[in-house]
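Student: the following block contains a protein sequence and its predicted model.
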Amino acid sequence: HHQVIHSPTHFRDSPDIILKSLTEHEIDLIVNDVLDTTEADVSTLKSAGLLVVNIEDMGTGSVVADLTINALYEHENPLPNQRYGWPWVCLREEFLYGESEVSSVTSILATFGGTDPRNLTAEIIQHLANRSDANNIHLTVILGPGNPRIDEITSLCNSVSTLGSLTLLNSVKRMSDHMRAADIAITSNGRTVYELAACGTPMITLSQNSRENLHTFSNHCEGAHNLGFTEAFPSEAFDTAFSRLISN
């Protein structure tokens, strides 16, 4: 039988306490979804007889783990324990079936992950609202559950009057429905790009930080325009990409 232990409270404990808890629950496999790990951390887990799988790990622990899955990155010569690139992305079942509806381009989806640390949501709303063709744009904004600016963005949406329509949603249950309904998506350069690609939705991507700038899929996906990471919102580059998508 299989037991799944997912308890963030353990992260505040010492390594000895964590290992004791894993042993008590007779855990065989641990999956580290914590970004970069160290060789020492992973070696400690392996010395306790655990199989170790790391996800999105560019640290030294990725070398000694039993398996490292870095779907967001590319590597020409990965080690035998490493799996790089888009073939290794994990998608929920909702993204595997269904077809996008083709229509005249007016429906735009903007979503920037769970927390949107750069507040790209507000930047996009304001930028699209200031376009000369704003009244032709029907914008749906989806906020992640950890977004700390929900009230601020709600007020912004209520103040915008130039867009054809503006819908604000928070923590939707089936993201794939909204992705397939959109003609164009605007998103950060994380795992969402794979979901949009699976739904067949063209996209413009903006990196939240320098780490996201290392994610290469949006550079090679023909349905994506990657604007990379910039301190200020890249207005000119965005307009060029947006115009290119709505005309093609």
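Tutor: Noted; the coordinates are in hand. Numbering: from 1, shown residues only.
Student: CA only for contacts and neighbour counts going forward, please
Tutor: Noted.
Student: give the buried residues for the longest helix along the chain.
Tutor: In terms of residue count, the longest helix belonging to the chain (DSSP state H) is helix 235-246. Using 16 or more other C-alpha atoms under 10 Å as the test for burial, helix 235-246 gives Phe238, Ala241, Phe242, Leu245.
Student: and that helix, what does it pack onto?
Tutor: Contacts defined by 3 or more C-alpha pairs under 8 Å, 6 or more residues apart in numbering; DSSP states H and E place helix 235-246 against strand 203-206.
Student: can you rerun that using 6 Å?
Tutor: Helix 235-246 is packed against no helix or strand, with contacts defined by 3 or more C-alpha pairs under 6 Å, 6 or more residues apart in numbering; DSSP states H and E.
Student: convert that helix to CSV, retaining C-alpha atoms only.
Tutor: C-alpha atoms of helix 235-246 as CSV (Å, rounded to 0.1, in the frame of the first residue of the first chain):
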residue,chain,number,x,y,z
SER,A,235,5.4,48.1,-23.4
GLU,A,236,6.8,48.3,-26.9
ALA,A,237,7.8,44.7,-27.1
PHE,A,238,4.4,43.6,-25.7
ASP,A,239,2.5,45.7,-28.3
THR,A,240,4.6,44.2,-31.1
ALA,A,241,3.9,40.6,-29.9
PHE,A,242,0.2,41.4,-29.3
SER,A,243,-0.3,42.9,-32.8
ARG,A,244,1.5,39.9,-34.3
LEU,A,245,-0.7,37.4,-32.6
ILE,A,246,-4.1,39.1,-33.3
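Student: can you map out the strands along the chain?
Tutor: Secondary structure of the chain (DSSP state E): strands located at 29-32, 51-55, 67-70, 82-84, 107-111, 138-143, 165-170, 184-188, 203-206, 224-226.
Student: okay, those in a markdown table with mean neighbour count and mean pLDDT next?
Tutor: Shown next, in a markdown table, are the strands of the chain (neighbours: other C-alpha atoms under 10 Å; pLDDT from 0 to 100):
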| stretch | mean neighbour count | mean pLDDT |
| --- | --- | --- |
| strand 29-32 | 16 | 91 |
| strand 51-55 | 21 | 95 |
| strand 67-70 | 22 | 94 |
| strand 82-84 | 20 | 92 |
| strand 107-111 | 21 | 96 |
| strand 138-143 | 22 | 96 |
| strand 165-170 | 14 | 95 |
| strand 184-188 | 26 | 96 |
| strand 203-206 | 26 | 96 |
| strand 224-226 | 23 | 94 |
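Student: Phe217 is nearest to which of those strands?
Tutor: strand 224-226 (8.8 Å; C-alpha to C-alpha).
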